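Student: build me a structure from this.
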Amino acid sequence: MENVNITTEFIKLDQLLKFVSAVEGGGMAKNVILDGLVKVNGEVVLQRGKKIRTGDIVEFDGCKYSVTENKEEK
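Tutor: Next up is the predicted model:
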């Protein structure tokens, strides 16, 4: 499982797939999501704009991505 650190409250599912280089671009992200190939917390998700938050686990193409929070202290 790969940890994905985010510094915002959430990241959209299609953006997360691009961020971790699981897909080549936004069009591919849209297609794999709409084809039912992506799971969030064990359930297939068809919404490419689904908000992924700290603690969520995204599965795609045999890989799991655990979203963690990376708060930088000021």
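Student: contact partners of the lengthiest helix in the chain?
Tutor: Determined from DSSP state H, the single longest helix within the chain is helix 26-34. With contact meaning CB atoms under 8 Å, 6 or more residues apart in numbering, helix 26-34 is reached by 13-15, 17-18, 23, 38, 45-48, 60-61. From N, CA and C alone the C-beta is placed, and that goes for glycine too.
Student: inside strands: which ones of the residues you listed?
Tutor: Using DSSP state E, 38, 60 are the members of the contacts of helix 26-34 that sit in strands.
Student: once you drop chain neighbours, what's closest to Phe60?
Tutor: Nearest non-adjacent residue to Phe60, counting by CB to CB, 6 or more residues apart in numbering: Val38, 4.8 Å away.
Student: hmm, the one you found is touching Ile57, no?
Tutor: No - counting by CB atoms under 8 Å, Val38 does not reach Ile57; the two are 11.3 Å apart.
Student: between those two, which is the more surrounded one?
Tutor: The residue with more neighbours, out of Val38 and Ile57, is Val38; 25 against 15, by other CB atoms under 10 Å.
Student: how near is that one to Asp14?
Tutor: Distance from Val38 to Asp14, counting by CB to CB, to the nearest Å: 9 Å.
Student: now Thr7, what are its backbone angles?
Tutor: Main-chain torsions, Thr7, degrees, to the nearest 10: phi -110, psi 0.
Student: show the model's pLDDT score for it.
Tutor: Per-residue pLDDT puts Thr7 at 91.
Student: just give me the neighbour total for the closest residue to Asp61 other than its chain neighbours.
Tutor: The shortest distance from Asp61 to any non-neighbouring residue, by CB to CB, 6+ apart, is to Ala22 (6.4 Å). Neighbour count for Ala22, taken as other CB under 10 Å: 18.
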